[in-house]
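> No letters, just coordinates:
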């Protein structure tokens, strides 16, 4: 009995120590879960911001511009608006009325909106094909070597330059010399690349949602 009494404090101390260790582990795990959820929440907000403040509006403007462009080029074949604005005489056999002029002005104005969006939200663009390096094998290799460096840039800088030069050509601040400015035609790969990036971001966002649901 006396021996048992001697061991009681030790037993109590061991139990207390075990409980404290378990409680500390549980607290650490809880803090870790909270931290992970916080990181996931921040990542979700970041992805949503990219989708809602740049990629989504940019794609909608592209689609609107494409719709107007199709109305303008109806029955005109592979018509390039920049070429026409630089040298209207090249297309003298085609008839352009006031409706066409209105469509052209709308397309140019959408380009100005896109420029403003790129300027204000360009930090959200996160894809190297869009920002740094894109090679169009069907077009770029047709240019002389000294012009390929201009082509070998991201799609967003390309289209940003296109929008500005399109506006200058519409306002007759530059004209003629079509071959010089052919590098600045609208990059037709852009809509597909924007849609690809949007799908990637949406997939990543949905994966994070699933993780949150499992945690809860």
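Perfect, I can see it now. Values in this document were obtained by computation on a predicted structure and should not be read as measured data.
> Helix or strand with the lowest mean pLDDT in the protein?
helix 145-151 (a mean of 56; mean pLDDT, DSSP states H and E).
> following it, which helix or strand comes up?
Helices and strands here follow DSSP states H and E; after helix 145-151, the next one along the chain is helix 155-170.
> and that next one, how far out from the chain's middle?
In this view, helix 155-170 has its centroid 18 Å away from the chain centroid, taken as C-alpha atoms, centre = their mean, to the nearest Å.
> Quick check: mean pLDDT of that helix?
Along helix 155-170, the predicted local confidence has a mean pLDDT of 95.
> now the closest residue to residue 118 other than its chain neighbours: how far from residue 128?
Of all residues not flanking residue 118 in the chain, residue 160 sits nearest, at 5.4 Å (C-beta to C-beta, 6 or more residues apart in numbering). From N, CA and C alone the C-beta is placed, and that goes for glycine too. According to C-beta to C-beta, to the nearest Å, residue 160 stands 16 Å off from residue 128.
> More neighbours: those two, which one.
For the pair residue 160 and residue 128, the greater number of neighbours falls to residue 160 (18 against 10), based on other C-beta atoms under 10 Å.
> just checking, the more buried one touches residue 117?
No. Under the criterion of C-beta atoms under 8 Å, residue 160 is not in contact with residue 117, lying 10.0 Å apart.
> number of nearby residues for residue 192?
Using other C-beta under 10 Å, residue 192 has 10 other residues around it.
> how about low-confidence regions in the protein?
1-38, 93, 134-152, 212-216 (pLDDT under 70).
> what do you get if the cut-off is 90, keeping everything else the same?
Judged by pLDDT under 90, the chain has its weakly predicted residues at 1-45, 73-79, 88-97, 126-129, 131-154, 176-184, 188, 205-216.
> all strands of it, in order?
For the chain, none of the segments meets the definition of strands by DSSP state E.
> what's near enough to touch the closest residue to residue 184 other than its chain neighbours?
If the residues on either side of it in the chain are set aside, residue 184 comes closest to residue 165, at 4.6 Å by C-beta to C-beta, 6+ apart. Contact partners of residue 165, counting by C-beta atoms under 8 Å, 6 or more residues apart in numbering, are 82, 174, 181, 184.
> The same query, at a cut-off of 10 Å, please.
Neighbouring residues of residue 165 by C-beta atoms under 10 Å, 6 or more residues apart in numbering: 82, 85, 86, 111, 173, 174, 181, 183, 184, 185.
> nearest to residue 203, of these?
residue 111 (29.7 Å; C-beta to C-beta).
> Count the neighbours of the closest one for me.
Burial of residue 111 is recorded as 22 neighbouring residues (other C-beta under 10 Å).
> how much space between residue 70 and residue 133?
Taking C-beta to C-beta as the measure, residue 70 falls 30 Å from residue 133.
> wait, I meant residue 100
Look at residue 100 and residue 133: by C-beta to C-beta, they are 36 Å apart.
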